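Peer 1: Model the following, please.
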Amino acid sequence: MSVYKIIELVGTSDQSWEEAARTAVETASKSLRDLRVAEVAEMDLKFEEGKILFRVKLKVSFKYEGRS
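Peer 2: This is a model prediction of the structure:
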């Protein structure tokens, strides 16, 4: 039997929503083990200094390893 924890991440990109999601997952994978599923919860655009910034909010699950 397994238990999974779900956290929210926000990734950004000046290229696309796909790149924003990839950035969030790749960054999280550097400090979290056993990432399982990423679900897009929200997508939006932010306008900064005349440029568009793609933002994606993800719900990401990973295997929970409690303390013994």
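Peer 1: CA atoms for contacts and neighbours, from now on please.
Peer 2: Noted.
Peer 1: Show me where the chain has its strands.
Peer 2: 4-13, 35-48, 51-63 (DSSP state E).
Peer 1: how about those strands in TSV, adding distance to residue 22?
Peer 2: Shown next, in TSV, are these (distance: least, C-alpha to C-alpha, whole Å):
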stretch	distance to residue 22
strand 4-13	8
strand 35-48	10
strand 51-63	10
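Peer 1: got those as a markdown table, with mean neighbour count and mean pLDDT columns?
Peer 2: Converted to a markdown table, the strands of the chain look like this (neighbours: other C-alpha atoms under 10 Å; pLDDT from 0 to 100):
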| stretch | mean neighbour count | mean pLDDT |
| --- | --- | --- |
| strand 4-13 | 17 | 95 |
| strand 35-48 | 13 | 94 |
| strand 51-63 | 19 | 95 |
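Peer 1: nearest to residue 20, of those?
Peer 2: Using C-alpha to C-alpha as the measure, strand 4-13 is the one of these that comes nearest residue 20, at 4.3 Å.
Peer 1: now what about that closest one, what contacts it?
Peer 2: 19-24, 53-64 (C-alpha atoms under 8 Å, 6 or more residues apart in numbering).
Peer 1: what's the answer for stretch 21-40, then?
Peer 2: Counting by C-alpha under 8 Å, 6+ apart, 9-13, 56-63 sit against stretch 21-40.
Peer 1: quick one: it to chain centroid distance?
Peer 2: Here stretch 21-40 is found 6 Å from its chain centre; the criterion is C-alpha atoms, centre = their mean, to the nearest Å.
Peer 1: before we move on, what about stretch 48-67?
Peer 2: On C-alpha atoms, centre = their mean, the centre of stretch 48-67 falls 3 Å from the chain's centre.
Peer 1: ditto for stretch 15-32
Peer 2: The answer for stretch 15-32 is 6 Å, by C-alpha atoms, centre = their mean.
Peer 1: How about stretch 59-68?
Peer 2: 15 Å.
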